[in-house]
Each structure stands twice: as C-alpha cells, then as structure tokens.
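S.K.: please find the sequence and the predicted model below.
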Amino acid sequence: MSISSEQSKAIPEPKFFHLALTGEAGLLLLAWGLARWLQVSPGEYLRLTPVAVLWGLVATAPLVLVLAWMLTSTAAPVRSLVDQVTEQIGPLVSRCTLLELGCLAAVAGISEEVLFRGVIQPGLEAWMPEAGALLVASVLFGLVHAASRVYALFASAMGLYLGALFVLQDNLIPPILTHGLYDFVALSAVATRHRNR
C-alpha cells in the first residue's frame, strides 16, 4: 500500500479500516477471476490440518525476528523504510483496535495468499518450471507492495519465503497463517510506534 503522508492524514481511521478491508477482500474477487482464466483451483490447496497450522505458526517466527531487527536497525535504508511505513501507515492504524488490526491482518493473509500463492504461482507453472513460477510470483508480490524500492525488495523476499512455504507444504494454510500473524504483529508495531512519537 503506497500512501503519501498528506493522504494518510486526510483519511479518517474508521474509513481507512473499511476501505482496507474492502480492498483486501476485493483481491479475492480478482483471485477468483484469474483462477477461472488460468484454470487453477486454489481451493484444492486449502487443507486445514494440525500440521499445517503448526507450520504456519513456526514459520512466523523468522519473519517476526526480521521485523524486530528492522525496528532496531541503524542501517540507513532500513531506518528510512521503518520511518516511511510509520509515517504513512501509522496514522491510519494507530486508532484501530487490536480486533480491527486482527481482521485486517487475517483478510490480507487470506486474500493475498490465495491470489499470489494459490492462483498466480500455480498458474505460472503451466508456462515455466516451479522455481520460475515461485520467483515471478514473488517479484509480482513485491511490486504490488512497492511503496519504495527497499519495501519492494523486502516484500519480494517475503513473497519468496511464503511461496517456498507453499511449495514445501503444498498447502495454502501455512502461508496464510504466517502472513496474517506477521501482518498483525507488524501493524501493531507500527501503530504503537506512531502513538509513541
């Protein structure tokens, strides 16, 4: 999501919550249309099992550790990224309740993983090897999140991680859980950081 600081101040928080929720849910419609066009069925990759849930929980830890490092890093590009996200997204999420942040994170995890890992990645495998499909889907994921070059690189790396998790498990549940849990922690951190400025 790329929003300038002037735009973020102009959007009231409740309106942002509803717009963000609607936008993320709209990705499911896009996924449905693409799935029909590419003739893939993301539903076949949705298997809720205890092992899938465990993988989703465990796979969240490395992402949260990277986030913790980023929040304390003194490296200029990382510091700039953290400041940019706090300035742009912070005002929008700082008044959201934990329940609202949880809803946003859950819907983002579901919709983005169904679209990128459940539709685009398998759809690309019809035209290229699995590794190529993983790489292209990850780069597309990064480009969609291109608030800056550094953010796009970080999002591409996260897409690669989530895509590899999908390939490893042949199941969308682990990346959905990992994505949603990470987003919840990240949004909560950004909201807290903005409130404490």
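M.R.: Received, thanks. Numbers count the residues shown, from 1 in each chain.
S.K.: what about the helices in the protein?
M.R.: 5-10, 13-38, 50-72, 76-93, 98-113, 121-124, 130-144, 149-169, 173-195 (DSSP state H).
S.K.: can I get those in JSON lines including distance to residue 44?
M.R.: In this view, the C-beta of every residue, glycine as well, is placed from N, C-alpha and C. Formatted as JSON lines, the helices of the chain follow (distance: least, CB to CB, whole Å):
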{"stretch": "helix 5-10", "distance to residue 44": "39"}
{"stretch": "helix 13-38", "distance to residue 44": "11"}
{"stretch": "helix 50-72", "distance to residue 44": "14"}
{"stretch": "helix 76-93", "distance to residue 44": "34"}
{"stretch": "helix 98-113", "distance to residue 44": "14"}
{"stretch": "helix 121-124", "distance to residue 44": "9"}
{"stretch": "helix 130-144", "distance to residue 44": "16"}
{"stretch": "helix 149-169", "distance to residue 44": "13"}
{"stretch": "helix 173-195", "distance to residue 44": "12"}
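S.K.: make CSV out of those helices and add mean pLDDT and mean neighbour count.
M.R.: Below are the helices of the chain laid out as CSV (pLDDT from 0 to 100; neighbours: other CB atoms under 10 Å):
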stretch, mean pLDDT, mean neighbour count
helix 5-10, 46, 12
helix 13-38, 89, 15
helix 50-72, 97, 15
helix 76-93, 92, 18
helix 98-113, 96, 20
helix 121-124, 96, 22
helix 130-144, 96, 18
helix 149-169, 95, 19
helix 173-195, 96, 22
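S.K.: excluding its backbone neighbours, what's nearest residue 136?
M.R.: What sits nearest to residue 136 in space, not counting adjacent residues and going by CB to CB, 6 or more residues apart in numbering, is residue 124, at 5.5 Å.
S.K.: how close does residue 20 get to residue 108?
M.R.: According to CB to CB, to the nearest Å, residue 20 and residue 108 sit 8 Å apart.
S.K.: could you do residue 186 as well?
M.R.: 10 Å.
S.K.: got it, and residue 18?
M.R.: To residue 108, residue 18 is 14 Å away according to CB to CB.
S.K.: check contacts around the residue nearest to residue 136.
M.R.: By CB atoms under 8 Å, 6 or more residues apart in numbering, residue 124 lies in contact with 132, 133, 136, 137.
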